[in-house]
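# Show me the folded form of this:
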Amino acid sequence: MSPRKSANRTESSLGDLGEDRVLAQITARLPRNNSVILGPGDDCALVRLGAGQKLLVLKTDCVVEGVHFTGAAKPAAVGWKAMARPLSDFAAMSALPETALVTLIAPAETTAAWVRQLYRGLNKAAAAFGVAIVGGETSRTTGALAISVSMSGVVEADRWVGRAGGKPGDELFVTGRLGGSLGGRHLSFTPRVAESRWLTENATVSAMMDLSDGLGTDLPRLAAASRVDFEVDEAALPRHHGCSIEQAISDGEDYELLFAVPAAEAAELQRRWHRKFGKLALTRIGRLTRKAKSGVRKIPCGYVHFR
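A predicted model of the protein is given here:
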């Protein structure tokens, strides 16, 4: 029997718990020091940089064959996605990415041509957002191919946005359209870094995250972090052509921004957004409410790792 598996079924497996409960068990015991502003549980970590006005932003993310892409996917597209995922998390914090480390874990039979094309996609995404790839690691595996990208950058101490600042009465918005990502958009999406920077300069964004696991999984996470509940106008959800409301809620890998702003700013924000970004939709999808005694409202679930 594998040492990772227990013959004692009183011990829960990762599949029994799901991603959020697994992480809650792990992160509760992680060491911290006085430099940490924001640790595990948000899109990125924030760390003090001496006495300066900017904070160090850190994020690591990975893509795994059979989970985030298939063996038939073009390697350049896989590379783009591997770099774009942490870039989307930087967008969620309104942070500016600067450097990245890339770890490639691959079977020995992987061709050098495949790896060159992979790095073509990695380099293209990095260059598009001003990121320097400064190193990394390679390792052999007998399992699935995987690429991990660790990214660093900065954000102003008075400008970063996390998941925990939402307030009852705030209006909820999403950028772009949702649903149907596995048709190819999960390999070619554009991280909303510029849009998030504009938002934090032009509106009071109280909470924000990117939609990587689907609205049905990520909105409850934002609400739980902010200790509020939410209401969603499902009919208002902006959907890609041919997608149902359920797909818009549950498909995942949209990589759009989900954020909350005070109700008094909502109408003017939409007007200014339309003038600035034109074809990119900004849609009000609901609002945050006071937390009910029964807990956070349930909606159809999105993607959950280990299940």
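# Run through the strands of this structure in chain order.
Applying DSSP state E to the chain gives strands spanning 36-38, 45-48, 54-64, 96-106, 132-140, 146-156, 171-175, 207-210, 229-232, 257-261, 282-289.
# Include mean pLDDT, distance to Val78 and mean neighbour count when you put those strands into a markdown table, please.
Just so you know, the C-beta spots here come from the backbone N, C-alpha and C atoms, and that holds for glycine as well. Below are the strands of the chain laid out as a markdown table (pLDDT from 0 to 100; distance: least, C-beta to C-beta, whole Å; neighbours: other C-beta atoms under 10 Å):
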| stretch | mean pLDDT | distance to Val78 | mean neighbour count |
| --- | --- | --- | --- |
| strand 36-38 | 92 | 30 | 16 |
| strand 45-48 | 94 | 25 | 18 |
| strand 54-64 | 97 | 7 | 20 |
| strand 96-106 | 98 | 11 | 19 |
| strand 132-140 | 97 | 15 | 12 |
| strand 146-156 | 98 | 7 | 22 |
| strand 171-175 | 98 | 24 | 24 |
| strand 207-210 | 98 | 19 | 26 |
| strand 229-232 | 96 | 33 | 18 |
| strand 257-261 | 98 | 24 | 26 |
| strand 282-289 | 98 | 30 | 20 |
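# can you tell me which of these comes nearest to Ala112?
Within the strands of the chain, the stretch nearest Ala112 is strand 96-106; the backing value is 10.6 Å (C-beta to C-beta).
# which residues are in contact with the closest one?
Here strand 96-106 makes contact (C-beta atoms under 8 Å, 6 or more residues apart in numbering) with 57, 82-83, 86-87, 90, 115, 118, 122, 126, 129-141, 145-155, 193, 197.
# If we use 7 Å, what do you get?
If you take C-beta atoms under 7 Å, 6 or more residues apart in numbering as the criterion, strand 96-106 is touched by 83, 87, 90, 115, 122, 126, 129, 131-141, 145-155.
# how far does it sit from the chain's center?
In terms of C-alpha atoms, centre = their mean, to the nearest Å, the centre of strand 96-106 is found 16 Å from the chain centre.
# Thought Asp229 was touching Ala292, still the case?
Yes - taking contacts as C-beta atoms under 7 Å, Ala292 lies within contact range of Asp229: 5.5 Å.
# can you redo the strands of the chain as CSV with distance to His241?
Listed next are the strands of the chain as CSV, based on distance: least, C-beta to C-beta, whole Å:
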stretch, distance to His241
strand 36-38, 38
strand 45-48, 37
strand 54-64, 26
strand 96-106, 31
strand 132-140, 35
strand 146-156, 31
strand 171-175, 17
strand 207-210, 22
strand 229-232, 21
strand 257-261, 21
strand 282-289, 15
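# can you tell which of the ones you listed is closest to Gly216?
strand 229-232 (9.4 Å).
# Against which helices or strands is the closest one packed?
If you count contacts as 3 or more C-beta pairs under 7 Å, 6 or more residues apart in numbering; DSSP states H and E, strand 229-232 packs onto helix 215-226, strand 282-289.
# The shortest one to strand 171-175, inter-axis angle?
If you take axes from the mean of the first three to the mean of the last three C-alpha atoms, to 10 degrees, strand 282-289 sits at 150 degrees to strand 171-175.
# For strand 282-289, give me every contacting residue.
Contacts of strand 282-289 (C-beta under 7 Å, 6+ apart): 166-175, 223, 226, 228-233, 236-238, 260, 266, 270, 273.
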